[in-house]
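Asks: What follows is a predicted structure for the sequence shown.
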There are 2 protein chains.
Amino acid sequence: MKNITIKDIAKIANVSYATVSRALSGVPGVSDETRSRILKICEEIGYTPDYMARSMVTKSTKLIGLIVPDISNPFMSEMAFNIEQFAGESGYHIMLCNSVSSLEQEQNVFKLLMGRKVDGILIFPTGAQSHKLLEKYLDKIPVVFVSENLGSFHASYVTVDNFQGTSIGTEYLYSLGHRNILYFGRRASHKLRYEGYEAICKKYGLEPHFYESPYHTDSIKHGYDMAMDLFKANSSLPYTAIFASTDSNALGLLKACEEVGIRIPEDISMLGFDNIPYSGLPKIMLSTIEQPYKLMATAAVSMLIDKIDNPEFGYSHKILSPKLVVRSSCQKLD
Amino acid sequence: MKNITIKDIAKIANVSYATVSRALSGVPGVSDETRSRILKICEEIGYTPDYMARSMVTKSTKLIGLIVPDISNPFMSEMAFNIEQFAGESGYHIMLCNSVSSLEQEQNVFKLLMGRKVDGILIFPTGAQSHKLLEKYLDKIPVVFVSENLGSFHASYVTVDNFQGTSIGTEYLYSLGHRNILYFGRRASHKLRYEGYEAICKKYGLEPHFYESPYHTDSIKHGYDMAMDLFKANSSLPYTAIFASTDSNALGLLKACEEVGIRIPEDISMLGFDNIPYSGLPKIMLSTIEQPYKLMATAAVSMLIDKIDNPEFGYSHKILSPKLVVRSSCQKLD
DNA sequence: GGAGAATCCGTAAACGTTTTCGAGTATAGT
DNA sequence: ACTATACTCGAAAACGTTTACGGATTCTCC
């Protein structure tokens, strides 16, 4: 079963196959009359040009590699949805890869994606070392990180203002009367989130505390395990509030609290970060810092496409503003 | 900046580029000595073969198209994660497309994916008509549906046993003493789910009821909107239990109930379907029917790869068993 | 030592496009 | 009517691989 090619169409239309190519790709140099005739034939036959072959000569695949730690994380999947939609509007398709929160796997899929000759890569780095490890490829292919600037690296990125996010959050907790606040989650992957928290603590003369685990994932289960470890280590917690580094962590923490009988917010207040859809569920009602998903997604892909179109452009950064959304997981102390 | 090609490697290794190709693709016909020499050079130079060019001649892209209504839906993203992982192990990459629950968009991306010359397509159909609309392509490219058999169509599919799922669920509700159960959600996309419910109703002489909306999505928001419509139309509900067609719908319904002051499970019991991670959240504790995600994912991709390797194989079906997971959203009546 | 087999490798065609270059034809201007 | 110009189109090269075919070298065995 042979493939239908441009040559077959040419034969039917009684023109050279160069003409067919021109007609299809919309370049000038073919009369309107023959163009529409060719288009009609393609329609009838059901012919669509072969992207592969086209890419070989144009050097452009119209493919974007998307590397995420774990697509099942709602933050990632929400972003992925918007990214795919927006990229699609610009004629790009998405190749999805999970790094499974492993630096090694991240490197692997990155190289694989380069071998696939994607036009550019959008990456949610899995850890602080991602940038260092990937640095050597950054002049070979357009890359934009969806992440805060971890270390001083030269790369394009879009991110929410994590420092501002936790600053706002910590201020909020302080304004509610909290003086003993625990930061709960990995500091490595969100350095600035921790620092925003730390800065406000310092500002008010509070002692910053943190609890983190050696694990490298972000999920309900991870938050739960972490929390259980925390509870095991300390029979009673000296904190009045916990600021979780992500909503997923917070949700896991919530589950653990429920299990050991800690009431939210009566016994302890809780603040999250991300505002995933499930944080707004009734009875959960997690107060949190919202990331502007859609904005971030569109910024990321348009930044990447810019870089693809103008590789000489150097690096750009885009830092979006977070927003406090208060629900009912934080209590006013008096 | 020219690309490094197989010819450059050949020049350095002082062999013909055919030899390099053989060395890399692991086919016999090249001595171990030269092979390892070539491999070493590639390693040093950092050369990786161009998949595009390779695909042109081999007629195989090692690409799988994945069409989902909406990747931000946790059922989809959980499946997508497992699918990507499993496909990766077999050397396949994933091209992700959202049909945005639109039949038209679904057709578009399907055709686009065919133009991309993916080796096969994995599709979560957006509606009951998907199969009919896509039927004409089914002999052109290996496709497996992740969905129950909607209408008698000739295609491969893997699905959970939806009929059994809602049967178990309805039996459970009945055993708890419920005699007025509402089925809440689209019947079109999960025909068998409704029928399983209906069958058990008939079995016990219960009147089946359903409430569905014209919308074609599945999300918290959709469930919420639907529920609000329902409440607006009926000032008081004559049901003691609601069986939601998906957990997402159930969660939206939950939210709406909270808002209008209906308590779960005291005022009304609620059962979901899917068992997404958020159903197990404290305070939510939605009882539901669990789909075996991982099994379904692996079954789907191995079925698709089978079909890619043996196009003459015809169609296969795989129907996995669901499982009732009881939490605390259903109350025993007395 | 010589014939045949086995092994290793090079040549070249093929995959389906885009695009440069040039040829041919129609149109316009003087 | 003749040249200049614009327009339309065809021939062919190029993209980076794989692979069928055949040539050369080595090995094996009598």
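Replies: Thanks, I have it. None of the values given here were measured: they were computed from a predicted structure. Numbering: from 1, shown residues only, chains lettered A, B, ... in the order given.

Asks: Only C-alpha atoms from now on, for both contacts and neighbour counts.
Replies: OK.

Asks: you'd agree residue A:96 is in a strand?
Replies: Yes. Applying DSSP: H, G, I helix; E, B strand; the rest coil, one finds residue A:96 inside a strand.

Asks: CA atoms only: put stretch A:218-229 into CSV for me.
Replies: The C-alpha trace of stretch A:218-229 is given here as CSV (Å, rounded to 0.1, in the frame of the first residue of the first chain):
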residue,chain,number,x,y,z
ASP,A,218,5.5,16.8,44.6
SER,A,219,2.3,15.0,45.2
ILE,A,220,-0.4,14.3,47.7
LYS,A,221,1.3,11.1,48.6
HIS,A,222,4.7,12.8,49.1
GLY,A,223,3.2,15.5,51.3
TYR,A,224,1.5,12.9,53.3
ASP,A,225,4.6,10.8,53.8
MET,A,226,6.6,13.9,54.7
ALA,A,227,4.0,14.9,57.2
MET,A,228,3.9,11.5,58.8
ASP,A,229,7.6,11.6,59.2
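
Asks: buried stuff in that stretch?
Replies: A:218, A:219, A:220, A:221, A:222, A:223, A:224, A:225, A:226, A:227, A:228 (16 or more other Cα atoms under 10 Å in any protein chain shown).

Asks: can you give me how far that stretch is from the chain middle?
Replies: 21 Å (Cα atoms, centre = their mean, to the nearest Å).

Asks: So what pairs up with the residue nearest to residue A:181 when sequence neighbours are not counted in the strands?
Replies: Sequence neighbours aside, residue A:241 is the residue nearest to residue A:181 in space, at 4.8 Å (criterion: Cα to Cα, 6 or more residues apart in numbering or on different chains). Counting by DSSP bridges, residue A:241 is bridged to residue A:181, residue A:269.

Asks: Quick check: residue A:241 touching residue A:184?
Replies: No. Applying Cα atoms under 8 Å, one finds residue A:241 not in contact with residue A:184, separated by 10.2 Å.

Asks: among the buried residues of stretch A:218-229, which two are most distant?
Replies: Greatest spatial distance in these: A:218 and A:228, 15.3 Å, computed using Cα to Cα.

Asks: Dump the C-alpha coordinates for stretch A:197-214 into CSV.
Replies: Output of stretch A:197-214 as CSV, limited to C-alpha atoms (Å, rounded to 0.1, in the frame of the first residue of the first chain):
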residue,chain,number,x,y,z
TYR,A,197,9.0,33.3,53.6
GLU,A,198,12.4,33.8,55.4
ALA,A,199,12.5,37.5,54.5
ILE,A,200,9.2,38.3,56.1
CYS,A,201,10.1,36.2,59.1
LYS,A,202,13.2,38.3,59.5
LYS,A,203,11.3,41.5,58.9
TYR,A,204,9.2,40.8,61.9
GLY,A,205,11.9,39.2,64.0
LEU,A,206,10.4,35.7,63.6
GLU,A,207,12.5,32.6,63.6
PRO,A,208,12.2,30.8,60.3
HIS,A,209,11.7,27.1,60.4
PHE,A,210,11.5,24.5,57.7
TYR,A,211,10.8,20.9,57.2
GLU,A,212,11.8,19.1,54.1
SER,A,213,12.3,15.6,52.9
PRO,A,214,14.9,13.9,50.7
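
Asks: buried set for that stretch?
Replies: Under the neighbour-count rule (16+ other Cα under 10 Å), stretch A:197-214 has A:197, A:198, A:199, A:200, A:201, A:206, A:208, A:209, A:210, A:211, A:212, A:213 buried.

Asks: residues making contact with it?
Replies: Residues outside stretch A:197-214 that contact it (Cα atoms under 8 Å, 6 or more residues apart in numbering or on different chains) are A:163, A:166-167, A:169-171, A:179-187, A:226, A:230.

Asks: about what we covered before: flag the least confident of the buried residues of stretch A:197-214.
Replies: Comparing pLDDT over the buried residues of stretch A:197-214, residue A:213 scores lowest. The value there is 79.

Asks: the strands in the stretch 201-334 of chain A, which residues?
Replies: All strands of the stretch 201-334 of chain A, identified by DSSP state E, counting those that start in this stretch, fall at A:209-211, A:241-244, A:269-274, A:287-290, A:317-320, A:323-325.

Asks: Point out the residues in chain A that sit beside DNA strand C.
Replies: A:2-7, A:17-22, A:24-25, A:48-50, A:53-54, A:56-58 (Cα under 7 Å from any atom of the strand).

Asks: Next one: residue A:152, what pLDDT does it get?
Replies: 59.

Asks: again but with residue A:1, I slipped
Replies: According to the prediction, residue A:1 has pLDDT 57.

Asks: go on, the one 10 residues further on?
Replies: Among the per-residue scores, residue A:11 holds a pLDDT of 89.

Asks: what do you get for the one 3 residues further on?
Replies: Looking at residue A:14, its pLDDT reads 90.

Asks: For burial, what's the neighbour tally of it?
Replies: 13 (other Cα atoms under 10 Å in any protein chain shown).

Asks: So it versus DNA strand D, what's the distance?
Replies: 6 Å (Cα to the nearest atom of the strand, to the nearest Å).

Asks: List the contacts of that residue.
Replies: Taking Cα under 8 Å, 6+ apart, one finds nothing in contact with residue A:14.

Asks: all strands of the stretch 1-150 of chain A, in order?
Replies: Secondary structure of the stretch 1-150 of chain A (DSSP E, counting those that start in this stretch): strands at A:63-68, A:93-98, A:120-123, A:143-146.

Asks: coming back round to it: possible to save the buried residues of stretch A:197-214 as a markdown table with distance to residue A:301?
Replies: As requested, the buried residues of stretch A:197-214 are exported to a markdown table (distance: Cα to Cα, whole Å):
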| residue | distance to residue A:301 |
| --- | --- |
| A:197 | 30 |
| A:198 | 32 |
| A:199 | 32 |
| A:200 | 33 |
| A:201 | 36 |
| A:206 | 40 |
| A:208 | 36 |
| A:209 | 37 |
| A:210 | 34 |
| A:211 | 34 |
| A:212 | 32 |
| A:213 | 32 |
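
Asks: what's the closest of those to residue A:326?
Replies: residue A:197 (17.3 Å).

Asks: Break chain A down into its domains, please.
Replies: Taking automatic domain parsing as the criterion, chain A consists of the domains A:6-49, A:60-160+A:293-321, A:162-291.

Asks: Check the offset of the shortest one from the chain's centre.
Replies: It refers to domain A:6-49. 41 Å.
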